[in-house]
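S.K.: Next comes the sequence, and after it the predicted model I'd like to discuss.
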Amino acid sequence: MNMNDNTRIDTQAIQAIDGAHYLHPFTDNQALGKKGARVMVKGEGIYVWDSEGHKILDGMSGLWCVNVGYGRKELADAAYKQLLEMPYYNSFFQTTNIPAAQLAKLLTEVTPPQFNHVFFSGSGSEGNDTVVRMVRRYWDLLEQPQRKVIISRHNAYHGSTMCGASLGGMSGMHAQGDLPIPNITHIEQPYWYENGRDMDPDAFGIKAAGWLEAKILEVGPEKVAAFIGEPVQGAGGVIIPPKTYWPEIQRICDKYGILLVSDEVICGFGRLGEWWGCEKFGYKPDLMTFAKGVTSGYVPLGGVMVGDRVANVLLEKGGEFNHGYTYSGHPVACAVAIENIDIIRREHLVEKVREETGPYLKEKFEALADHPLVGIAETCGLVAGLVLVKDKKTLEAFDSALEVGMVCRGHMFGNGMIMRAVGDRMIIAPPLVITRAQIDEMVALIRLCLDKTYEDLKQRNWI
Ligand code: PMP
């Protein structure tokens, strides 16, 4: 983008009103107010530009959502057309709208065969609130109202509403606001590098799934309603489970008749090289939360795919389910989603990740493991994570108070690369349209910034 004088933006003026009035999510707003937020003004493909004209490679697809890349005119056109035709109507008054009905049908075509129904929400968090209400409704209708407990994992992320944050396993979120709400409990995550390095990964996967069975027995199987998990934990730091984990989770859920919920808000829509993470890892959920990639983040939309096991009970025994949102089935969001899914299909993005860019990223990104700062580097489809370590031989970690991940993130941002830090785990999830040449460019940038971080840490005497 040419930042000529006509398009020049008064960064300081925007920062001033932003700092004075806008409370940012997950942000120390006082600190940000002093520093001033970076003003993002444009996106094209896998790149974004800030108001000072810096071009930045967006290794995070915004927040794991811009799957088809920035600047897609087709999506803007779909929204514009629908905005003129019928910008809004609700689905409460025994009414529907054309894009919502069409998207519902389309979603059943791109999801596994057990899914023939969808409930729409406006976001992933709302989708998971719907999950909690629907799971309880299901067991009530089956006259097992005592089945209330939902089991999740520590370090999971399922959103920021009261239910979403409770299902999530982020201690920092639980600490603010007396969470989790009752009847939600957590088991340890399947993080081999941290919890199972002394074991074969497959054996560790079975062990980690076994924590679910232990929890079910502790709670009492007759009280457990559902288990929820992300196929690969995203916000927790791209935690990729061993391949044995999910099939064993499935076996345990089946054994006790517990509903299995896959939170596909990040992993859905091709991110792992299959349409859905559950397909990649070989399990069959009863409910599936989605958001983000459904519209590539261009407009807000989320929802829950409802498998036949649950849908049949709701439909046959159900009556009215007293739940829904103003924006359930929003026509503009649904119109954009239809076009977005069409792009994913037309451009064969799922196959591209599975056969071309996923394996290529694996080869290039995992080679970063030779860097003196890197303990492990791993990928799954188009998500990837590496761990910064103090001592490469012993894999000794840095003191967490040093926030080495944030130091590294600063070097990334400063050199035109968006890579997120989760503790000392550096993660990426680039747009699915990224090419091989752009993967080369991205991995070269990451290596350069790892070098700069290494020099910086040496100067600080931290290594
Ligand atoms: N579930 C998962 C797995 C997520 O990653 C997120 C968002 N990062 C959410 C739920 C919440 O989605 P939203 O921010 O749209 O509410």
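M.R.: That came through, no problem.
S.K.: so what's the closest residue to residue 258 other than its chain neighbours up against?
M.R.: The spatially closest residue to residue 258, leaving aside those adjacent along the chain, is residue 224, at 5.3 Å (C-beta to C-beta, 6 or more residues apart in numbering). The C-beta positions use only the backbone N, C-alpha and C, and glycine is treated the same way. Contact partners of residue 224, counting by C-beta atoms under 8 Å, 6 or more residues apart in numbering, are 147, 149, 150, 151, 216, 256, 258.
S.K.: can you rerun that using 6 Å?
M.R.: 149, 216, 258 (C-beta atoms under 6 Å, 6 or more residues apart in numbering).
S.K.: Pop out the phi and psi values for it.
M.R.: Dihedral angles of residue 224 (phi, psi; degrees, to the nearest 10) stand at phi -90, psi 130.
S.K.: partners of it in the sheet?
M.R.: residue 149 (DSSP bridges).
S.K.: want to try CSV for the contacts of residue 224, with pLDDT as columns?
M.R.: As requested, the contacts of residue 224 are exported to CSV (pLDDT from 0 to 100):
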residue, pLDDT
149, 98
216, 98
258, 98
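S.K.: Next, format the residues you listed as JSON lines and append neighbour count and distance to the ligand.
M.R.: Putting the contacts of residue 224 into JSON lines (neighbours: other C-beta atoms under 10 Å; distance: C-beta to the nearest ligand atom, whole Å) gives the following:
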{"residue": "149", "neighbour count": "19", "distance to the ligand": "20"}
{"residue": "216", "neighbour count": "22", "distance to the ligand": "23"}
{"residue": "258", "neighbour count": "23", "distance to the ligand": "20"}
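S.K.: with those in mind, which one is nearest to residue 136?
M.R.: For the contacts of residue 224, the closest approach to residue 136 (C-beta to C-beta) belongs to residue 149, at 10.5 Å.
S.K.: Pick out whichever of the contacts of residue 224 sits closest to residue 333.
M.R.: Set against residue 333, the nearest of the contacts of residue 224 by C-beta to C-beta is residue 258 (31.9 Å).
S.K.: From residue 218, how far off is the closest one?
M.R.: Using C-beta to C-beta, to the nearest Å, residue 258 is found at 14 Å from residue 218.
S.K.: So what's the residue count around the closest residue to the ligand within the stretch 101-250 of the chain?
M.R.: Of all residues in the stretch 101-250 of the chain, residue 124 sits closest to the ligand, at 2.3 Å by C-beta to the nearest ligand atom. Residue 124 has 31 neighbouring residues, counting by other C-beta atoms under 10 Å.
S.K.: follow-up on the earlier one: and the contacts of residue 224, which is closest to residue 324?
M.R.: Nearest to residue 324 among the contacts of residue 224 is residue 149, at 24.9 Å by C-beta to C-beta.
S.K.: ok, now which ones touch that closest one?
M.R.: Counting by C-beta under 6 Å, 6+ apart, residue 149 makes contact with 183, 219, 223, 224, 225.
S.K.: and those, which are buried?
M.R.: Among the contacts of residue 149, the ones that count as buried by 16 or more other C-beta atoms under 10 Å are 183, 224, 225.
S.K.: now those in TSV, with pLDDT and distance to the ligand?
M.R.: TSV is the format used below for the buried ones among the contacts of residue 149 (pLDDT from 0 to 100; distance: C-beta to the nearest ligand atom, whole Å):
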residue	pLDDT	distance to the ligand
183	98	19
224	98	21
225	98	19
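S.K.: centroid residue for the protein?
M.R.: residue 266 (2.9 Å; C-alpha atoms, centre = their mean).
S.K.: neighbours around the residue lying closest to that one once chain neighbours are set aside, how many?
M.R.: Sequence neighbours aside, residue 234 is the residue nearest to residue 266 in space, at 3.9 Å (criterion: C-beta to C-beta, 6+ apart). Residues lying near residue 234 (other C-beta under 10 Å) number 26.
S.K.: Just confirm residue 234 contacts residue 267, I think it does.
M.R.: No: using C-beta atoms under 6 Å as the test, residue 234 is too far from residue 267 to be in contact (7.5 Å).
S.K.: Can you tell me which residue of the stretch 251-400 of the chain sits closest to the ligand?
M.R.: Residue nearest to the ligand within the stretch 251-400 of the chain: residue 265 (3.5 Å; C-beta to the nearest ligand atom).
S.K.: what does the stretch 101-250 of the chain have sitting close to the ligand?
M.R.: Within the stretch 101-250 of the chain, the positions near the ligand by C-beta under 6 Å from any ligand atom are 123, 124, 125, 128, 157, 158, 159, 164, 230, 234, 235.
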